[in-house]
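**Student:** this one's sequence-less:
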């Protein structure tokens, strides 16, 4: 991990010199795959570009055919951020997520060719090993966003699924992975990073409980202004009034309805159950 002094000096250099930062974002999934993490990565990239920074997103290639892959690349050309696609394994998870390679040559070659000021990794596995290697090789600050409680998503991996027919030993093993191994690993990985971002205070607290000691901050996934304008028009057409904006909640997608709810008044994701007067979209 870089020292506090080195990080502060780098930050001061950019503030005083008015320099644009060259940011490398590493992610295991991105458009056209639909999910909370791809949306968050894309919005962060767009907003950083609006602030004058240069953002390169390293994301997996999608498509079974050459035509499908060309369509993905064509969409990248029109995007504000630069996108570098890397190869993946042939097998996929049940939800359509791909398995990235651990050290994609496309990422390695890009770092040899271009210069970056920091690395922002959005997953603690697969691209994580590449991010840690590049951080040490080029002595760059490493930022990690803790998007997901991975212990809640083990069922997407065929070998880690359990049901009433599963052997008791397997259930105990999966329980150990969920309650011990993942928290221990997450704590270790977070402590390799120079800054850890959490989408809510609740998620930040979970990492603290796991044993995270790195610097951390709450950084919610933002909403586009076009969405708020659409909300306003929708409310007017339906004749419904919004008594208090704090009672409007957005579920990022159905699978997160009970766990990641965004409070529009504070712009903060939080673990919450539906309360009287809340509106879920």
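**Tutor:** Done, it's in. Owing to the predicted nature of the structure, the values given are computational and were not obtained by experimental measurement.

**Student:** report the contact partners of residue 45.
**Tutor:** Contacts for residue 45 were tallied using Cβ atoms under 8 Å, 6 or more residues apart in numbering; they are 25, 55, 57, 80-81. The C-beta positions use only the backbone N, C-alpha and C, and glycine is treated the same way.

**Student:** what do you get if the cut-off is 7 Å, keeping everything else the same?
**Tutor:** 25, 55, 57, 81 (Cβ atoms under 7 Å, 6 or more residues apart in numbering).

**Student:** nearest to residue 193 among those?
**Tutor:** residue 25 (13.9 Å; Cβ to Cβ).

**Student:** where do the helices sit along the stretch 101-250 of the chain?
**Tutor:** Secondary structure of the stretch 101-250 of the chain (DSSP state H, counting those that start in this stretch): helices located at 105-113, 127-138, 168-176, 182-190, 201-210, 225-238.

**Student:** among those, which comes closest to residue 33?
**Tutor:** Of all the helices of the stretch 101-250 of the chain, it is helix 127-138 that lies closest to residue 33, at 14.3 Å by Cβ to Cβ.

**Student:** for the closest one, packing partners?
**Tutor:** Under the contact criterion of 3 or more Cβ pairs under 7 Å, 6 or more residues apart in numbering; DSSP states H and E, helix 127-138 touches strand 22-26, helix 105-113, strand 118-121.

**Student:** make CSV out of the ones you listed and add mean pLDDT and distance to residue 130.
**Tutor:** Output for the helices and strands packed on helix 127-138, formatted as CSV (pLDDT from 0 to 100; distance: least, Cβ to Cβ, whole Å):
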stretch, mean pLDDT, distance to residue 130
strand 22-26, 97, 7
helix 105-113, 97, 6
strand 118-121, 98, 8
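
**Student:** could the ones you listed go into TSV alongside distance to residue 202 and mean neighbour count?
**Tutor:** Output for the helices and strands packed on helix 127-138, formatted as TSV (distance: least, Cβ to Cβ, whole Å; neighbours: other Cβ atoms under 10 Å):
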stretch	distance to residue 202	mean neighbour count
strand 22-26	24	23
helix 105-113	32	14
strand 118-121	21	24
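
**Student:** now tabulate those in CSV and tack on distance to residue 138.
**Tutor:** Shown next, in CSV, are the helices and strands packed on helix 127-138 (distance: least, Cβ to Cβ, whole Å):
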stretch, distance to residue 138
strand 22-26, 10
helix 105-113, 7
strand 118-121, 8
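
**Student:** who wins for proximity to residue 133 among these?
**Tutor:** Going by Cβ to Cβ, the one of the helices and strands packed on helix 127-138 nearest residue 133 is helix 105-113, 8.6 Å.

**Student:** what about stretch 85-93, how long is it end to end?
**Tutor:** Stretch 85-93 has an end-to-end distance of 19 Å (criterion: Cα to Cα, to the nearest Å).

**Student:** got the buried residues for it?
**Tutor:** 85-86, 88 (16 or more other Cβ atoms under 10 Å).

**Student:** pLDDT check: weakest of those?
**Tutor:** Across those, the member with the lowest pLDDT is residue 88, scoring 92.
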